[in-house]
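>>> This is the structure alone, sequence omitted:
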């Protein structure tokens with residue numbers, strides 16, 4: 001089991017930026033597809049972005065396209081979610097997850113989850 005630890009959440013004003021990090025406990029992150037999910041109060045958890053293993057593809061939810069960027073640094077065993085032009089509707093707990101493939105992550109077929117980090121967008 002791979003332990004994932006998210007960081008970087010916090011309170012930001014609308015239009016601001018945050019960068020979330022997800023560090024894996026073992027040096028195997030490069031073998032997994034990585035996804036970022038979010039869950040707002042009263043709503044279901046859904047995927048917002050995913051990145052395949054090196055050389056693979058990307059996925060972004062329509063509502064975050066052009067504002068969020070997912071990336072990974074395999075040397076640091078860490079994945080990132082850069083969030084720009086944040087909106088109040090981006091407020092949620094953000095979770096990092098790993099899976100076999102992007103398509104499986106999109107179906108919720110997740111191998112391991114992080115515990116989440118709270119992002120609040122408010123003036």
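That came through, no problem. What you see is a predicted model; the values in this text were computed from it and never measured. Numbers count the residues shown, from 1 in each chain.

>>> any low-confidence regions in the protein?
For the chain, the stretches with pLDDT under 70 are 27, 55.

>>> Show me where this structure has its helices.
102-106 (DSSP state H).

>>> who's in contact with the residue nearest the centre of it?
Most central in the chain under C-alpha atoms, centre = their mean is residue 36, positioned 2.2 Å from the mean C-alpha point. Shown in contact with residue 36 (C-beta atoms under 8 Å, 6 or more residues apart in numbering): 20, 22, 47-50, 68, 70, 79, 81, 94-97. Quick note: C-beta positions are derived from backbone N, CA and C, even for glycine.

>>> So what pairs up with it in the strands?
residue 49, residue 96 (DSSP bridges).

>>> And residue 78, by the same measure?
Beta-bridge partners of residue 78, as defined by DSSP bridges: residue 23, residue 73.

>>> so it makes contact with residue 21?
Yes - between residue 78 and residue 21 there is a contact at 5.6 Å, judged by C-beta atoms under 8 Å.

>>> okay, now residue 38: neighbour count?
Per other C-beta atoms under 10 Å, the neighbour tally for residue 38 reads 21.

>>> Nearest spatial neighbour of residue 72, chain-adjacent residues omitted?
residue 79 (4.5 Å; C-beta to C-beta, 6 or more residues apart in numbering).

>>> my guess is the one you found meets residue 96, correct?
Yes - using C-beta under 8 Å, residue 79 makes contact with residue 96 at a distance of 6.4 Å.

>>> Overlap in contacts, these two.
Common neighbours of residue 79 and residue 96, counting by C-beta under 8 Å, 6+ apart, are 22, 34, 36.

>>> For residue 26, which non-adjacent residue is closest in space?
Using C-beta to C-beta, 6+ apart, the closest residue to residue 26 is residue 2 (5.6 Å).
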